[in-house]
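Peer 1: Please find the sequence and the predicted model below.
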Amino acid sequence: MVMKAIGQFSGFSPILILLLGIYIVSFISCIQIDFPTVEEGDPPTADFTADNNSILPTSSVQFSDLSNGDPYSWWWQFGDGGSSLLQNPEHQYVSLGTYDVSLTVTNDNGSDEMIKSSFIRVEVDMGATGNLTDADGNSYQTIKIGPQWWMAENLRVSKYPSGGSINYIGNGDDWGDLEHPDKGMCYYDYDIGKASVYGALYTWAAATNGVISTHDDPQIIQGVCPTGWHLPGDEEWMQLEINLGMKNTVADDYGYRGTNEGSKMAGGANLWLSGALVNDAAFGSSGMNIRPFGYQSGGGASQFSGESAYFWTATAYGNGSGKNAWSRRLLFDQSTVYRDFGDYTNGMSVRCVKN
């Protein structure tokens, strides 16, 4: 455009054309064009809190965002492998331990991260003790593990809280004649002198007093347990195991599960055969004091004293129409806990849990 304009004055002197060019350039340079500018702001400042910092295994924590700067995205990491994109998430912790928690928040001007070390503690309050008396007047020590109170000795009562006697079986032949619905009890090797230390061995019908409970229809069954206490169900045993450190993802598996929860439950190291159970550093730490007092086979033989301990749960295997119930077993060469089911006519030990 400028060259065209200059060309129109080609008849003028070069000096005049030069002066005209300088004028046009000066005019153009005086034109001011205003472009929009970007306003710079601040990135957000991350912060958060939780409704509880100290919880039991399988409990949940409600987290709350306290960040400033109007963030529009949130990235939580809970320290156990879990994460969330919600602003105020709830998260369940299933295993004992101490966990770091971090929150990263973002707005148009950037991001910020807050890390709180050892922010969540998943722990179990344990060690409180008490006493319990059964219908025969026998006294037992009790132990608190998390929210549960357990007997720390094997039950040896010979009658129900209502006063009715439990059928005592005095020899292997009579025990071998028991049918699945029969209530019966005995002492290891049919030796009543072992009752005060070993406790008694009960058929499942005797332990439950004939009441059926299943996973689909759970019942609180008092059975042979003293008033205010009951025979623990399969899931209550799982809760005990989780309280002692077992991951809930394996608690309902069959067979040996966990790490060293069996060693924690056991006691009386001199009574167990040498093996992984007593050699674990956590042996005896729970106060449950489980001893290797074996069990009674359905055929009538007392077996495995020194090697293992067997306990009934209140939960029938399957829908309750069969002949087996869930049980627990500790074995001298395993630090874990065996979840199994046993025939109703087997004789197993009983530990009661408080209502």
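Peer 2: Here it is on my side, so go on. Bear in mind that the values here come from a model prediction, so they are computed numbers and not experimental data. Numbering: from 1, shown residues only.

Peer 1: Contact partners for Gly41?
Peer 2: 107-109 (Cβ atoms under 8 Å, 6 or more residues apart in numbering). For the C-beta atoms, the positions are set from N, CA and C on the backbone; glycine is no exception.

Peer 1: Columns neighbour count, pLDDT and secondary structure on top of these, output as CSV?
Peer 2: Formatted as CSV, the contacts of Gly41 follow (neighbours: other Cβ atoms under 10 Å; pLDDT from 0 to 100; DSSP: H, G, I helix; E, B strand; the rest coil):
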residue, neighbour count, pLDDT, secondary structure
Asn107, 18, 96, strand
Asp108, 11, 95, coil
Asn109, 13, 95, coil
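
Peer 1: closest to Gln148 among those residues?
Peer 2: Asn107 (46.9 Å; Cβ to Cβ).

Peer 1: What's opposite that closest one in the beta bridge?
Peer 2: Following DSSP bridges, Asn107 is listed with bridge partners Gly110.

Peer 1: how near is it to Ser83?
Peer 2: If you measure Asn107 against Ser83 using Cβ to Cβ, to the nearest Å, the figure is 20 Å.

Peer 1: How about Pro232, nearest residue that isn't a chain neighbour?
Peer 2: Val353 (4.3 Å; Cβ to Cβ, 6 or more residues apart in numbering).

Peer 1: for Gln62, same thing?
Peer 2: Per Cβ to Cβ, 6+ apart, closest to Gln62 is Asp51, 4.4 Å.

Peer 1: likewise Glu261?
Peer 2: Leu244 (4.5 Å).

Peer 1: give the contact list for the one you found.
Peer 2: With Cβ under 8 Å, 6+ apart, Leu244 has these contacts: 124, 145, 261, 264-265, 286.

Peer 1: where exactly do the helices run in the stretch 1-150 of the chain?
Peer 2: Per DSSP state H, counting those that start in this stretch, the stretch 1-150 of the chain carries helices over the ranges 2-7, 14-29.

Peer 1: ok so, going back, for the residue nearest to Pro232, name its beta-bridge partners.
Peer 2: Beta-bridge partners for Val353, by DSSP bridges, are Trp150, His230.

Peer 1: Let me know whether it touches Pro147 as I believe.
Peer 2: No. With contact defined as Cβ atoms under 8 Å, Val353 does not count as touching Pro147 (10.5 Å).

Peer 1: Which one's more surrounded, these two?
Peer 2: Using other Cβ atoms under 10 Å as the criterion, Val353 and Pro147 rank with Val353 on top: 22 against 11.

Peer 1: residue contacts, the closest residue to Thr214 other than its chain neighbours?
Peer 2: Leaving aside its sequence neighbours, Thr214 sits nearest to Gly320 (Cβ to Cβ, 6+ apart; 4.6 Å). When contacts are counted by Cβ under 8 Å, 6+ apart, Gly320 touches 212-214, 217.

Peer 1: Same list (those) but as JSON lines, adding neighbour count, secondary structure and pLDDT.
Peer 2: Putting the contacts of Gly320 into JSON lines (neighbours: other Cβ atoms under 10 Å; DSSP: H, G, I helix; E, B strand; the rest coil; pLDDT from 0 to 100) gives the following:
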{"residue": "Ile212", "neighbour count": "17", "secondary structure": "coil", "pLDDT": "94"}
{"residue": "Ser213", "neighbour count": "22", "secondary structure": "coil", "pLDDT": "96"}
{"residue": "Thr214", "neighbour count": "19", "secondary structure": "coil", "pLDDT": "96"}
{"residue": "Asp217", "neighbour count": "10", "secondary structure": "coil", "pLDDT": "93"}
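
Peer 1: Identify, from those, the entry nearest to Asn138.
Peer 2: So of the contacts of Gly320, ranked by how close each gets to Asn138 (Cβ to Cβ), first place is Ser213, at 25.2 Å.

Peer 1: give the contact list for that closest one.
Peer 2: Contacts of Ser213 (Cβ under 8 Å, 6+ apart): 219, 221, 233, 314-316, 320.

Peer 1: cool, and Asp65?
Peer 2: Here Asp65 is in contact with 47-48, 71, 74, 87-88, 103, 105 (Cβ under 8 Å, 6+ apart).

Peer 1: give me the number of residues near the closest residue to Ser308 other than its chain neighbours?
Peer 2: Leaving aside its sequence neighbours, Ser308 sits nearest to Leu331 (Cβ to Cβ, 6+ apart; 4.9 Å). Using other Cβ under 10 Å, Leu331 has 22 neighbouring residues.
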